[in-house]
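J.: With the input below, show me the fold.
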Amino acid sequence: MKIVTTPMCEEIVKLAGIKEYVVNKHPDGEDGDLAILLSESKVKMDSLAIKLNTPLQIFDSIKEVSKISQNELSDEEILSFFDGYELCKKYLDFNSKRNIDVKVYSEFLKDMVLDMGFNIVSDNFDYVIYPDYLKDNVLESENLVEIPSHGEISKNPFERIEVRYAILEKL
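T.: All right, here's what the predicted structure looks like:
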């Protein structure tokens, strides 16, 4: 089976134990059997869509992708990938609420702020959280929190979470 993955998902494919794959930002440009890509992406070929916005999503994605390889990983093996990523480990099993109301401009950011215990509201918010690519669409002018998106941040999902969650923890 020829697997094609996008650059943003390559780290998960590697960690899951898949050795042979092709990386292409546009998987349909390859003659592949299966594309592994972010859930918001669409392709014509068979695909496995994964989410990588929160530590739990990373954990679940590694688990799911490892089922494709001939060596499905145990929970303990997957947890070892979180070593060295303090915020990823902290929020992997986080069940706390923050008394902070936020307005959010993106679906991927909603996953993150809910994971961190913020309250999503549309009025009377403390902060407005938006991805850098929507900067020009933000109507508010105060208490803005810009989060780096795909183009301006590491392709390693653990490193992405570390950067993004560090910004949000300061609120």
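J.: Quickly list the domain ranges of this protein.
T.: With automatic domain parsing as the criterion, the domains of the chain are listed as 3-81, 92-169.
J.: Wait, a helix at L37?
T.: No. Residue state for L37 (DSSP: H, G, I helix; E, B strand; the rest coil) corresponds to strand; a helix is not indicated.
J.: Isn't it up against L52?
T.: No. No contact is recorded between L37 and L52 when judged using C-beta atoms under 8 Å, the distance being 10.5 Å. Where C-beta positions appear, they are placed from N, C-alpha and C, glycine not excepted.
J.: Please enumerate the shared neighbours of these two.
T.: Between them, L37 and L52 share these contacting residues under C-beta atoms under 8 Å, 6 or more residues apart in numbering: M8, C9.
J.: which residues touch the residue of the chain most remote from its centre?
T.: Residue farthest from the centre of the chain, counting by C-alpha atoms, centre = their mean, is N124 at 27.7 Å. For N124, the set of contacting residues under the criterion of C-beta under 8 Å, 6+ apart consists of D101.
J.: For it, grab phi and psi.
T.: Note on N124: backbone dihedrals following degrees, to the nearest 10 are phi 50, psi 50.
J.: so where do the strands sit in this protein?
T.: Read by DSSP state E, the chain holds these strands, from start to end of the chain: 3-5, 22-23, 34-38, 47-50, 101-104, 119-120, 127-131, 144-147.
J.: Out of the domains of the chain, indicate the one that is most buried.
T.: Mean neighbour count, computed with mean count of other C-beta atoms under 10 Å, is highest for domain 3-81 among the domains of the chain, reaching a mean of 17.
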